[in-house]
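Q: From the sequence below, what's the structure:
(2 chains)
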2 protein chains.
Amino acid sequence: MSETATPERPGLADLPALLAEQDWEAVQAVLADPAEPDIAHALPELPRSDRVRLMRLMPPERASAVYAYLDTGLQTELLEDLSDEEKTRLIGELSYDDAAAILDELPDAHTDSLMEMLPEADQQVLKALLAFPEHSAGRLMTPEFVALSPDWTVRQALDHVREQAHVGETLNTLFITGEGGRLLGWISLQDLLLSRPRTQVAQHYHRDLISIHTQEDREEAARLIGRYDLQALPVVDADGTLAGIITVDDVMDVVQKEDTEDFHKMGSVGVLNLSVKDATAGMLYRKRIGWLVILVAVNIVSGAAIAFFETAIEKVVALVFFLPMVIASGGNAGAQASTLMVRALATGDVQARDWFRLWGKELLVALSLGITLGLAVWLIGLWLGGTEVAIAIAISMVLVVITGSMFGMVLPFILARFKLDPATASAPLVTSVVDVAGIVMYFAVATLVLQMAGM
Amino acid sequence: MSETATPERPGLADLPALLAEQDWEAVQAVLADPAEPDIAHALPELPRSDRVRLMRLMPPERASAVYAYLDTGLQTELLEDLSDEEKTRLIGELSYDDAAAILDELPDAHTDSLMEMLPEADQQVLKALLAFPEHSAGRLMTPEFVALSPDWTVRQALDHVREQAHVGETLNTLFITGEGGRLLGWISLQDLLLSRPRTQVAQHYHRDLISIHTQEDREEAARLIGRYDLQALPVVDADGTLAGIITVDDVMDVVQKEDTEDFHKMGSVGVLNLSVKDATAGMLYRKRIGWLVILVAVNIVSGAAIAFFETAIEKVVALVFFLPMVIASGGNAGAQASTLMVRALATGDVQARDWFRLWGKELLVALSLGITLGLAVWLIGLWLGGTEVAIAIAISMVLVVITGSMFGMVLPFILARFKLDPATASAPLVTSVVDVAGIVMYFAVATLVLQMAGM
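A: Here you go, the predicted model:
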């Protein structure tokens, strides 16, 4: 990344010094250059009073852009420190989707009082956006787009684009709407620029529409944009009216957030809507303790299973030596299988209805993995425990790995079937449940084999 | 998602029937409507000869677009079945970045023979792109962009945009270049359209540049585009010349691929460059067996540790009952900690230098988790095993949870420090290593407490 600031010119790092000197002009000069996310990144390091001062030293449009990149905590704090007029301007300068996202996150009292200060027209738009369900396409979209009529000539359309350029979030893709705002199709700005000015828009636009309903999930919006490489996805309401657009940069954030959620769930961590760096120890504790307690409960059963086979253990203590190896392999194979399925379900690579086809393949893979590991422990068993022990652990290894893989593979599908998040089939959960089954199988097989051998 | 096909009109699902009837006109009609990714999705279900036929029935531009969405296996197969002329046209119609990506994936023999068939100019561009390191920004960029001169008037610039519209991958962001193609700044098409036609571009363009070097990692490109909400990121070479641009839809794919890789690694699965659905059982076996064998090796140590404490076990068999609970909790807490850190390092939320600050917080969290779980097992211990056992398992629970958390937290940072992928600190690896430490601690504490109690 190249920085434009030359060494002799003060940069963001010099802000504390310049603020202490009350050199407002120099501060303004420093704030003129960097990208807004960089300013937003520097703000939390400054004392609260300086933060307000900085916001006031920036031109309104820039201050709004910086504000949109701040964490909710800081946003709330700034609202408490700014005058009503300043607040209204701050929110008024934002695009509707950013404003809605911020109002949604703020404490209710702030949202209501802010809302009242805004112009009536803005209030209506924002209330309409906030009325859509959380995580819906309607909540993510911006109602700011450039729509063209099919009856216009290309020249008229281009004039309209020029007039409305300040409104649209993207101009690469333009949407064609008919009577009552009904979505008819789309045309790229490139095609429009290349078409003969006197021809009609109707002759050029594409009718093969990919669109999403306002009530659908935002993850589906991300999937469509990814799959069809769209610059903008049109969002329509029940009667087919174009209600807004979702641009590719909006879904980048969604994809990253959803992936982080899935990632955390796979590690048995609750959903954390905050950077690990910013989360307090208390928050992290609460996100983690729940699963740990649940897993302790599962492991009590493991303990009980081991206790049940006490006599077998007392007879052949060598069995305990091989226990971790066999049991852990089942859990690990299960964790692998669930990881593959959870991710494939999340990316849409695999659908719920594919489970049977994948089940057969997983069985084959699990069998091969089990036999390989079974052979390995058979050799170790021969060396350290004798023929009977070797046979017992090899057989139980095959069974445990197959059981673990099957459970890890099927659980995400079962969860998806009941509209639960497949990522709940976390590695630690799969491992713990498979442990129980593994212990029972291990000792059952071992007892049987050793009995048959007359031991 | 709304489909434009009405029920009475045949769709992609009717292709096999229409192909069997050799009704080429109907096939062409069906192929005219759907989005290219949908056609690409339908292709693998058809017999090989029909696939070639379909490619030939589509207009060249559309056939190329569909081709770009196919899996490498199918792409290679089609190249074998098409004539030289058809091949050249297929690749020639693609944008340079798509063509480079395809040539890169194909078997070398195919790449070389294809390359020779292309026009000299295309060959040069593609060879230059393919010369950049894998996973570099240079490999991801497209050299097709619209560059403006600062000396032009806005009118001249707009005329140039109109003329070059067919070249640029995005027109939302236009780049300003000076002598020798040196990157000077950028302007949005919106701003250009809104500026007075006779003024100079130099008066309007932005000098606050975010750019990336051709040799840098593509993940950094994704991070910059995400952080600064860019539509297009300029890529410059060593002397500051604009070499290409990376658009936001290009990095969407990168983000998804890298997230999938990290996801799989966290579940101890090797990197799979293919959908789970398309991977053969053999591939899946190879991606999984390696880690399972390594983990078996780690668990041999666990077994040895248990065997070492044989006499303690024989004295108080109740200890074995509590073993899974205590040991698994350490592993699970470790898996949680490593999951949080691996993801935070991957998204750039946390940098390697933050480790010390986070270490203190993790210690606090781990202590709280350990005490909570310690209290829980203390109660269970009192109920099922008596005072001494309760004290022994409570103390070891606290120690094991702290050890597990610390190990899970620190390992990703150590891996990052040595330029290894933090995601190698997978949940199963952390669990298995922590198990060994847990078993030793558990029995050591238990032996000590029981000795002190004179048992």
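Q: Off-centre distance for the least confident helix or strand in chain A by mean pLDDT?
A: Ranked by mean pLDDT, DSSP states H and E, the weakest helix or strand in chain A is helix A:310-315, scoring a mean of 76. Distance, stretch centre to chain centre, for helix A:310-315: 49 Å (CA atoms, centre = their mean, to the nearest Å).
Q: what packs against it?
A: Applying 3 or more CB pairs under 8 Å, 6 or more residues apart in numbering or on different chains; DSSP states H and E, one finds that helix A:310-315 contacts helix A:318-347, helix A:427-452. In short, each C-beta sits where N, CA and C put it, glycine included.
Q: quick check, distance from the longest one to the centre of its chain.
A: Computed by CA atoms, centre = their mean, the separation of helix A:318-347 from the middle of its chain amounts to 25 Å.
Q: For the helix or strand hosting A:V251, which helices and strands make contact with it?
A: For A:V251, the host element (DSSP states H and E) is helix A:248-266. The contact analysis (3+ CB pairs under 8 Å, 6+ apart) places helix A:248-266 against helix A:137-140, helix A:218-227, helix A:318-347, helix B:218-227, helix B:248-266, helix B:318-347.
Q: quick one, which of the ones you listed is nearest to B:V400?
A: Of all those, it is helix B:318-347 that lies closest to B:V400, at 3.6 Å by CB to CB.
Q: any bit of that closest one sitting next to chain A?
A: Yes - against chain A, helix B:318-347 shows contacts by CB under 8 Å from any CB of the partner chain at B:318, B:320-325, B:328-329, B:331-333, B:335-336, B:338-344, B:347.
Q: Which among those count as buried?
A: For those, a neighbour count by 16 or more other CB atoms under 10 Å in any protein chain shown gives the buried set as B:318, B:320-325, B:328-329, B:331-333, B:335-336, B:338-344, B:347.
Q: So what touches the least confident helix or strand of chain A?
A: A:306, A:319-320, A:443, A:446-447, A:450, A:455, B:313-314, B:317, B:320 (CB atoms under 8 Å, 6 or more residues apart in numbering or on different chains).
Q: could you give the mean pLDDT of stretch A:209-227?
A: Taken as a whole, stretch A:209-227 has a mean pLDDT of 90.
Q: Mind listing what's buried along that stretch?
A: Within stretch A:209-227, the residues scored as buried using 16+ other CB under 10 Å are A:209-214, A:216-227.
Q: do the same with stretch A:131-140
A: A:132, A:136-140.
Q: Helices of the stretch 151-300 of chain A, residue ranges please.
A: Counting by DSSP state H, counting those that start in this stretch, the stretch 151-300 of chain A has helices at residues A:154-164, A:189-194, A:201-204, A:218-227, A:248-266, A:281-308.
Q: Tabulate those helices (CSV), appending distance to A:R353.
A: What follows is the helices of the stretch 151-300 of chain A, written out as CSV (distance: least, CB to CB, whole Å):
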stretch, distance to A:R353
helix A:154-164, 43
helix A:189-194, 38
helix A:201-204, 39
helix A:218-227, 16
helix A:248-266, 21
helix A:281-308, 30
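Q: In contact with A:V276, which residues?
A: A:284, B:340-341, B:343-344, B:349-350, B:358.
Q: mind running it again at 7 Å?
A: Residues counted as contacts of A:V276 (CB atoms under 7 Å, 6 or more residues apart in numbering or on different chains) are B:340, B:344, B:349-350.
Q: Grab the most central residue of chain A for me.
A: In chain A, the centroid-proximal residue (CA atoms, centre = their mean) is A:E258; its distance is 1.2 Å.
Q: List the residues that contact that residue.
A: If you count contacts by CB under 7 Å, 6+ apart, then A:E258 has A:E219 around it.
Q: And it, how far from B:L415?
A: Distance, A:E258 to B:L415, by CB to CB, to the nearest Å: 25 Å.
Q: so where's the stretch 351-455 of chain A uncertain?
A: Across the stretch 351-455 of chain A, the ranges flagged by pLDDT under 70 are A:454-455.
Q: And the strands in it?
A: Counting by DSSP state E, counting those that start in this stretch, no segments of the stretch 351-455 of chain A form strands.
Q: quick one, helices of it?
A: A:355-384, A:387-417, A:427-452.
Q: Format these as a markdown table; extra columns: distance to B:E362 and mean neighbour count.
A: Output for the helices of the stretch 351-455 of chain A, formatted as a markdown table (distance: least, CB to CB, whole Å; neighbours: other CB atoms under 10 Å in any protein chain shown):
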| stretch | distance to B:E362 | mean neighbour count |
| --- | --- | --- |
| helix A:355-384 | 34 | 18 |
| helix A:387-417 | 28 | 23 |
| helix A:427-452 | 18 | 22 |
